[in-house]
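>>> Just to be clear, the model below is a prediction. Sequence and coordinates:
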Amino acid sequence: MLIVDHVSFNYGKINAIKNISLKVKNGQTVCLIGGNGAGKTTLARLISGILHPAAGSIHFNDINISKIPGYKRVKFGITLVPEGRLLFIRQSVRVNLELGAYHRPRSELPKVHEDMEKVFSIFPRLRDRLEQNACTLSGGEQQMLAIGRALMARPKLLLLDEPSMGLSPILVQELSIALSQLSKYGLSILLVEQNAKLALNISEWGYVMESGKVVLTDSTNKLTENPIVQKIYVGECRQLEEKKRVKPIRRPPAWLRISRP
């Protein structure tokens, strides 16, 4: 379905993406893991059309989309859930979901409501918040809404950029279950994620990025067993989870401390 063929991209004189190639098959869930600054978000933006490659090509269902703008790629079936969610925070949950279907003709209005019901089946909490403004939702609910808004476009390929960012371990687990449901619908997913444990658990194939390059690629079963991935990426996730569980003991401010004679 998706072929990224020797793509490069520069921010001025900085080589952010260096000769990267990857593939996503129809109905497949693929993850792209790596640390901060590895180039994962830049690659997601290149695939979605926010940015355009300096070299190489991007093909989607045998069509070269390298120079096609992002809003047209949505019509082809590529939808991005951006890092940081980027919701319309002063609009209601309902309006955010409806805006996800902006490119669909009025004749499809009944189908839009059907798709909204599908979103509620995956994220039931959104139904209860339907008339609330997005800014009143918790971080986890906002991420559900961002994914739901993307699903309203009826994508063939869903790009998820750091969906677990800022979420507690419990909400990450809920997100993992929801993403597993999406893959059962036959949706192709490219998951760009720093949380290697989450990404490897729900994906079939994986790519590991460092400094703008793909340094490892294999089935997620083999990547999980890879000692380098275990040490650098999965180990980091465990340490972060442990830090979240253990709350630091904070001393009260000086003016509240009772001085002993």
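Received the coordinates, thanks. Please read these numbers as outputs of a predicted model, since none were measured by experiment.

>>> which stretches of the stretch 1-150 of the chain form strands?
Along the stretch 1-150 of the chain, counting by DSSP state E, counting those that start in this stretch, strands occupy 2-11, 14-24, 29-33, 55-60, 63-64, 78-81.

>>> Show the average pLDDT along the fifth one.
Okay, so that is strand 63-64. Across strand 63-64, pLDDT averages out at 95.

>>> Next: the longest one.
Mean per-residue pLDDT for strand 14-24: 92.

>>> do the last one as well
Across strand 78-81, pLDDT averages out at 93.

>>> Begin at 867 from now on, thanks
All set: I'll call the first residue 867, so the last point we hit is now strand 944-947.

>>> would you put the C-alpha positions of that strand in CSV?
Output in CSV follows, covering the C-alpha atoms of strand 944-947 (Å, rounded to 0.1, in the frame of the first residue of the first chain):
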residue,chain,number,x,y,z
ILE,A,944,-4.0,8.8,4.2
THR,A,945,-4.9,10.4,7.6
LEU,A,946,-2.5,11.7,10.2
VAL,A,947,-3.1,11.8,14.0
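
>>> ok so, going back, between the strands of the stretch 867-1016 of the chain, which gets nearest to residue 1095?
When the strands of the stretch 867-1016 of the chain are compared by CB to CB, strand 895-899 sits nearest residue 1095, at 7.9 Å. From N, CA and C alone the C-beta is placed, and that goes for glycine too.

>>> what's the closest of the strands of the stretch 867-1016 of the chain to residue 906?
Nearest to residue 906, of all those, is strand 895-899, at 5.5 Å by CB to CB.

>>> on that earlier part again, output the strands of the stretch 867-1016 of the chain as JSON lines; include the columns mean neighbour count and distance to residue 1063.
Listed next are these as JSON lines, based on neighbours: other CB atoms under 10 Å; distance: least, CB to CB, whole Å:
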{"stretch": "strand 868-877", "mean neighbour count": "18", "distance to residue 1063": "24"}
{"stretch": "strand 880-890", "mean neighbour count": "18", "distance to residue 1063": "21"}
{"stretch": "strand 895-899", "mean neighbour count": "26", "distance to residue 1063": "10"}
{"stretch": "strand 921-926", "mean neighbour count": "18", "distance to residue 1063": "29"}
{"stretch": "strand 929-930", "mean neighbour count": "12", "distance to residue 1063": "35"}
{"stretch": "strand 944-947", "mean neighbour count": "25", "distance to residue 1063": "19"}
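
>>> Same list (those strands) but as CSV, adding distance to residue 975.
Shown next, in CSV, are these (distance: least, CB to CB, whole Å):
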stretch, distance to residue 975
strand 868-877, 30
strand 880-890, 31
strand 895-899, 31
strand 921-926, 27
strand 929-930, 28
strand 944-947, 19
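
>>> Could you point out which of those strands sits nearest residue 1017?
Of the strands of the stretch 867-1016 of the chain, nearest to residue 1017 by CB to CB is strand 944-947, at 7.8 Å.

>>> ok, the residue nearest the centre of the chain - contacts?
Centroid check for the chain by CA atoms, centre = their mean gives residue 1026 as the closest residue, at 2.0 Å. Counting by CB atoms under 8 Å, 6 or more residues apart in numbering, residue 1026 makes contact with 947, 1013, 1045, 1055-1059.

>>> between these, which is closest to residue 960?
Looking across the contacts of residue 1026 and measuring by CB to CB, the closest to residue 960 is residue 1013, at 15.8 Å.

>>> wait, what's in contact with the residue nearest to the closest one when sequence neighbours are not counted?
Take residue 1013 and drop its neighbours on the chain: the residue closest to it by CB to CB, 6 or more residues apart in numbering is residue 947, 5.4 Å away. Neighbour list for residue 947: 1012-1013, 1015-1016, 1024-1027, 1029 [criterion: CB under 8 Å, 6+ apart].

>>> again, 10 Å this time
Taking CB atoms under 10 Å, 6 or more residues apart in numbering, we find residue 947 in contact with 910, 914, 1009, 1012-1017, 1021, 1024-1029, 1057-1058.
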